[in-house]
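Q: Sequence and predicted structure below; questions after.
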Amino acid sequence: MRVVILIRLSPAQVYFSNEIVKKKDVVGVIVESLAANRFGVFIRKIKKHMQKWSILGLITLPIKIIDLALIQLRSSYFYKAQKEFLFGKGRYGLNKSVPHYKVKNINDKKTKSILKKLKPDLIVVFGTSIIKSPVIMIPKKGILNLHSGIVPLYRGSRSKECWFLSISHK
């Protein structure tokens, strides 16, 4: 079975990809690059906050800025801790035994072109953007998506690989 893996470059996703490559007939790994520059993302979030809250948004703006800064700091710390936990002092990076491709967006023309060339039977996804129909239709047998949180309770990048397990749900 021809398998293609779709990931981003977080330590957990790289580790996952490397483990699958060891065990299955992986014909390629497609890596979605992170969002455009972080400052642009920050500005978009501030604008959205202001549009949502209007005058109150101006009053609560300092709190929102601190919140976004703390999220970034936490993410940076989490990334380093996860990398050390999974790879120790060893080499961090994608397994070079299979071709890997960098794309800006998992749904763009470049991704579709690569997938059509690789002719996967199965696509395994861990941590990318939401995959749209044109990409979903490419593999013969389908897509297996790993999500580390209870959807939609832990959606997006804040789901952070498996931290939700420490919280009890009833």
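A: Nice, I can see it.

Q: how far does the longest helix belonging to the chain sit from the chain's center?
A: Counting residues, the longest helix in the chain under DSSP state H turns out to be helix 38-87. Using Cα atoms, centre = their mean, to the nearest Å, the distance from the centre of helix 38-87 to the centre of the chain it belongs to is 17 Å.

Q: which strands and helices sit next to that helix?
A: Applying 3 or more Cβ pairs under 8 Å, 6 or more residues apart in numbering; DSSP states H and E, one finds that helix 38-87 contacts helix 11-23. Just so you know, the C-beta spots here come from the backbone N, C-alpha and C atoms, and that holds for glycine as well.

Q: Check which element follows the helix it packs on along the chain.
A: strand 26-32 (DSSP states H and E).

Q: Would you mind listing where this protein has pLDDT under the threshold?
A: Across the chain, residues meeting the criterion (pLDDT under 70) sit at 34-39, 148-170.

Q: one more time with 50
A: Across the chain, the ranges flagged by pLDDT under 50 are 36, 158-159, 164-166, 169-170.

Q: host element of the residue nearest to residue 132 when sequence neighbours are not counted?
A: On the basis of Cβ to Cβ, 6 or more residues apart in numbering, the spatially nearest residue to residue 132 that is not a chain neighbour turns out to be residue 107, at 4.7 Å. Taking DSSP H and E as the definition, residue 107 sits outside all helices and strands.

Q: and residue 107, what does it touch?
A: 129, 131, 132, 134, 135 (Cβ atoms under 8 Å, 6 or more residues apart in numbering).

Q: which of those are buried?
A: Neighbour-count burial within these applies to 131, 135; the criterion is 16 or more other Cβ atoms under 10 Å.

Q: Would you mind giving the contacts of residue 107 as JSON lines with distance to residue 9 and secondary structure added?
A: Listed next are those as JSON lines, based on distance: Cβ to Cβ, whole Å; DSSP: H, G, I helix; E, B strand; the rest coil:
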{"residue": "129", "distance to residue 9": "14", "secondary structure": "coil"}
{"residue": "131", "distance to residue 9": "17", "secondary structure": "coil"}
{"residue": "132", "distance to residue 9": "21", "secondary structure": "coil"}
{"residue": "134", "distance to residue 9": "24", "secondary structure": "helix"}
{"residue": "135", "distance to residue 9": "19", "secondary structure": "helix"}
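
Q: farthest-separated two in the contacts of residue 107?
A: 129 and 134 (13.5 Å; Cβ to Cβ).

Q: coming back round to it: after the longest helix of the chain comes which helix or strand?
A: Using DSSP H and E, the first helix or strand after helix 38-87 is strand 100-103.
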